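*Asks:* Need coordinates for the below:
(one chain, ligands or ions: 1)
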Amino acid sequence: MKFFIDTANLDQIKEAQDLGVLDGVTTNPSLMAKEGISGEENIINHYKKICEIVDGDVSAEVIATDYEGVIKEGEALAALHPQIVVKIPMIKDGVKAIKYLSGKGIKTNCTLVFSPGQALLAAKAGATYVSPFIGRLDDISTDGVELIAQIVDIYSYYGFETEVLAASIRHTMHIIQCMEAGADVATCPLNAILGLLNHPLTDIGLEKFLADYKSVNG
Ligand code: E4P
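*Replies:* I've put the predicted structure just below:
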């Protein structure tokens, strides 16, 4: 299972990279806006900076929603850096653009996916990743992790190579649940990743080991 960090914050990306377990980054227009990144040149430079920090795939989302526009923007984003994955919304022209770009060997991430049918279309179009948003489903009293399990099963029955990238993860338990459901990737906020470190018995055990060492070694 791969870990992506779900942020455009360079400090957080560096911290996750330093931990040694990071496989990539996902961004979206809201995350870029949160960091105050605006204007084409600044946005491009920011993606390049992210690619310099991490070794793996970096999802950069298109703004266009028409077929020609998505392709033009997607090709420009992909040309920025070999690690860029073009993130495209699950809309009709988006699916067509995924088909076109995947045929050109450009990696794509189909985003804003909320149903198995949408995930099927993304896979048929040849998306590298499909991003079901589990937290946003939970927000409307629908089981987001159940959707991950459904998509993993469907892809497995038919041998689709599209990787299931669990997105909109809100907390550490979501990561565990996505692992149990068979997700290929979880894109997580930094605090959800760091939450995996914690167990009170680890803290108690370490305190005792160090105290016992000190009792005989001074
Ligand atoms: C990442 O690919 C998604 O854009 C992101 O996980 C959405 O998360 P949110 O639902 O917390 O905004």
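*Asks:* Please count neighbours and contacts with C-alpha atoms only from this point.
*Replies:* OK.
*Asks:* you'd agree residue 58 is in a strand?
*Replies:* Yes - counting by DSSP: H, G, I helix; E, B strand; the rest coil, residue 58 is located in a strand.
*Asks:* where do the helices sit along this protein?
*Replies:* Using DSSP state H, the helices of the chain run over 10-19, 29-34, 40-53, 67-80, 92-103, 116-124, 134-139, 144-158, 172-181, 190-195, 200-217.
*Asks:* Going by contacts, tell me the helices and strands next to the fifth one.
*Replies:* When contacts are defined as 3 or more CA pairs under 8 Å, 6 or more residues apart in numbering; DSSP states H and E, helix 92-103 sits against helix 67-80, strand 108-113, helix 116-124.
*Asks:* coming back round to it: same list (the helices of the chain) but as a markdown table, adding mean neighbour count, distance to residue 59 and mean pLDDT.
*Replies:* Below are the helices of the chain laid out as a markdown table (neighbours: other CA atoms under 10 Å; distance: least, CA to CA, whole Å; pLDDT from 0 to 100):
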| stretch | mean neighbour count | distance to residue 59 | mean pLDDT |
| --- | --- | --- | --- |
| helix 10-19 | 15 | 13 | 98 |
| helix 29-34 | 14 | 11 | 98 |
| helix 40-53 | 15 | 9 | 97 |
| helix 67-80 | 18 | 10 | 98 |
| helix 92-103 | 20 | 14 | 98 |
| helix 116-124 | 21 | 16 | 98 |
| helix 134-139 | 17 | 18 | 98 |
| helix 144-158 | 18 | 19 | 98 |
| helix 172-181 | 18 | 19 | 98 |
| helix 190-195 | 16 | 17 | 97 |
| helix 200-217 | 10 | 35 | 98 |
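*Asks:* Which one, of these, ends up nearest to the ligand?
*Replies:* helix 134-139 (5.2 Å; CA to the nearest ligand atom).
*Asks:* Include distance to residue 4 when you put the helices of the chain into JSON lines, please.
*Replies:* As requested, these are exported to JSON lines (distance: least, CA to CA, whole Å):
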{"stretch": "helix 10-19", "distance to residue 4": "9"}
{"stretch": "helix 29-34", "distance to residue 4": "14"}
{"stretch": "helix 40-53", "distance to residue 4": "12"}
{"stretch": "helix 67-80", "distance to residue 4": "18"}
{"stretch": "helix 92-103", "distance to residue 4": "21"}
{"stretch": "helix 116-124", "distance to residue 4": "20"}
{"stretch": "helix 134-139", "distance to residue 4": "15"}
{"stretch": "helix 144-158", "distance to residue 4": "16"}
{"stretch": "helix 172-181", "distance to residue 4": "11"}
{"stretch": "helix 190-195", "distance to residue 4": "9"}
{"stretch": "helix 200-217", "distance to residue 4": "25"}
